[in-house]
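Student: sequence and predicted structure below; questions after.
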Amino acid sequence: MNLPLGRLSFYQEINQPDEQINLAKAALDIAQEEYPDLDPDEYLTALDTMAAEVQERLPAQRYPLRVIQTINQYLYDDLGFTGNNENYYDPRNSFLNDVIDRRTGIPIALSLVYLEIARRIDFPMVGVGMPGHFLIRPQFEEVGIFVDAFHRGEILFEQDCRDRLAKIYQQSVQLQANFVEPVSSRRFLTRMLTNLKMIYLNRQELQKALATVERILLLFPDAPMELRDRGLLYFQMGRWAEASQDLNIYLAMLPNAEDAGVIRQLLTQIEQDIY
């Protein structure tokens with residue numbers, strides 16, 4: 001497999017059972033395509049050091065709220081981590097090395113730092129893919145609390161989550177069970193990559209957008225929307241044969257998709273351009 005070092009390492013990391021994927025390592029592999037000289041071990045060691053310092057501060061009675069308060073004080077008060085509201089769509093907010101160096105990022109990237117510290121101190125937490133804003137929560141029965149890593153580790157209850165959803169959608173929204181279910185490692189990485197994909201598409205950085213789609217397809221090879229998007233990127237880049245292949249596969253998978261007519265028109269245009 002002829003892949004850049006970061007891509008090859010990413011492939012090797014995700015090519016194992018989901019529960020064995022090292023999220024931090026995979027996230028650093030993603031960053032390594034942007035920073036070829038990046039040393040992932042340097043940042044894994046930085047996370048080890050953070051966790052060790054939190055461990056020293058933990059109270060004797062490790063009640064969930066006390067542990068969360070200890071992590072919050074260390075990350076946000078002592079180290080100065082903060083959500084990047086001023087430049088939310090800066091791609092550096094999605095690269096774990098940048099998030100650690102700059103101490104700022106978007107919700108999912110800051111959540112990853114938090115989760116990695118929690119894992120190292122044996123405080124089980126999971127990511128929660130709530131629409132519009134990624135959260136984390138302790139993995140204990142009936143704890144009923146969520147943590148917003150983007151807003152200084154703010155502790156939320158279910159009603160707070162409902163209020164957040166209502167604000168996002170401008171109407172009352174039922175807090176569905178799947179909104180607060182744990183996110184698998186593959187889904188976590190897909191969400192990180194999707195954020196990057198949208199940033200690059202908005203910037204018309206097509207090669208970088210293509211690289212993100214290719215990595216999502218390593219995670220989920222049969223994802224029809226990603227096959228479509230890769231085909232559309234190939235089309236924009238003038239790679240007609242590859243575009244035709246992906247777009248035809250997409251139509252075979254979803255022949256009645258809402259955009260099927262548009263895709264068929266593009267395929268007709270490709271055939272005219274090729275012949």
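Tutor: That came through fine.

Student: show me the residues around residue 162 that make contact.
Tutor: By Cβ atoms under 8 Å, 6 or more residues apart in numbering, the residues touching residue 162 are 172, 173, 174, 175. Heads up, the C-betas are built off the backbone N, CA and C, glycines and all.

Student: mind checking the end-to-end distance for stretch 164-175?
Tutor: Start to finish, the residues bounding stretch 164-175 are 10 Å apart (Cα to Cα, to the nearest Å).

Student: now do the strands in the stretch 1-150 of the chain.
Tutor: According to DSSP state E, counting those that start in this stretch, the stretch 1-150 of the chain carries its strands in the segments 82-83, 104-105, 125-128, 135-138, 146-148.

Student: return the alpha-carbon coordinates of the strand or helix carrying residue 227 using CSV.
Tutor: Residue 227 is located in helix 224-236, with elements delineated by DSSP states H and E. The C-alpha trace of helix 224-236 is given here as CSV (Å, rounded to 0.1, in the frame of the first residue of the first chain):
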residue,chain,number,x,y,z
PRO,A,224,-22.1,6.1,0.1
MET,A,225,-21.9,9.8,0.8
GLU,A,226,-18.2,9.7,1.1
LEU,A,227,-17.9,7.8,-2.2
ARG,A,228,-20.1,10.4,-3.7
ASP,A,229,-18.0,13.2,-2.3
ARG,A,230,-14.8,11.6,-3.4
GLY,A,231,-16.3,11.3,-6.9
LEU,A,232,-17.3,15.0,-6.9
LEU,A,233,-13.8,16.0,-5.8
TYR,A,234,-12.3,13.9,-8.5
PHE,A,235,-14.7,15.6,-11.0
GLN,A,236,-13.6,19.0,-9.8
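
Student: so which other helices or strands are in contact with it?
Tutor: Helices and strands touching helix 224-236, by 3 or more Cβ pairs under 8 Å, 6 or more residues apart in numbering; DSSP states H and E, are helix 206-219, helix 240-253, helix 260-274.

Student: which strand or helix spans the residue minimising distance to the centre of the chain?
Tutor: Using Cα atoms, centre = their mean, the residue of the chain that lies closest to the mean C-alpha position is residue 192, 2.0 Å off. Assessed by DSSP H and E, residue 192 sits inside helix 185-202.
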